[in-house]
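Novice: Attaching a predicted model along with its sequence, questions to come.
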Amino acid sequence: MSVLTSTGTILSVVADEPATIDAAGFGALTFVEVGEVTDIPEYGPNVQVVEHNPLKTGVTQKFKGFINYGSTALQLAQDVADAGQVILSDGVTGSTKNDEHSFSIEYQDGSIDYFTGKVFSYTTNPGSANSMVGSTASVEINSIVVRVLPTP
């Protein structure tokens, strides 16, 4: 069993889409690291449950419906000069507000998750005593998550 801590995880972004939604397509992009990331919440697909209730059997049957690839609310210590955070901020109301963005999450073992999505918010949280001024960037995911495992 191979388990990891979150320490060393790197989030990167680019305001561009890959030519193909696979390791090669994402690998051809030039990602910019997002600085001061403090939390990357869970992300991934959820499938809608479609129920069918035939009168004859009285038993509810369940089927898979539409897939929603999910969203994530990235937590950051705000750094308005950080190139990655600037890309996130511009993705909300700036020059790339309507563009699909590509994301890379690299783990300490060298595995990488790639996906595309749109940035729907980049907020400021002044916080309270003894805290950092923070930001939350909300990303709505629009593609499958492509996991690339490290080569042995």
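Specialist: Right, received. Where do you want to start?
Novice: now for the strand of greatest length in the chain, which elements pack on it?
Specialist: The single longest strand within the chain, with elements called by DSSP state E, is strand 112-125. Judged by 3 or more C-beta pairs under 8 Å, 6 or more residues apart in numbering; DSSP states H and E, the packing partners of strand 112-125 are helix 83-93, strand 101-106, strand 134-141, strand 146-148. Using the backbone N, CA and C atoms, a C-beta is placed for each residue, glycine as well.
Novice: what bridges to residue 46?
Specialist: residue 68 (DSSP bridges).
Novice: Tell me how many other residues surround it.
Specialist: Residues near residue 46, counting by other C-beta atoms under 10 Å, number 10.
Novice: Residue 116 too?
Specialist: So residue 116, with other C-beta under 10 Å, has 23 neighbours.
Novice: Which residue lies closest in space to it, excluding its sequence neighbours?
Specialist: Leaving aside its sequence neighbours, residue 116 sits nearest to residue 143 (C-beta to C-beta, 6 or more residues apart in numbering; 4.3 Å).
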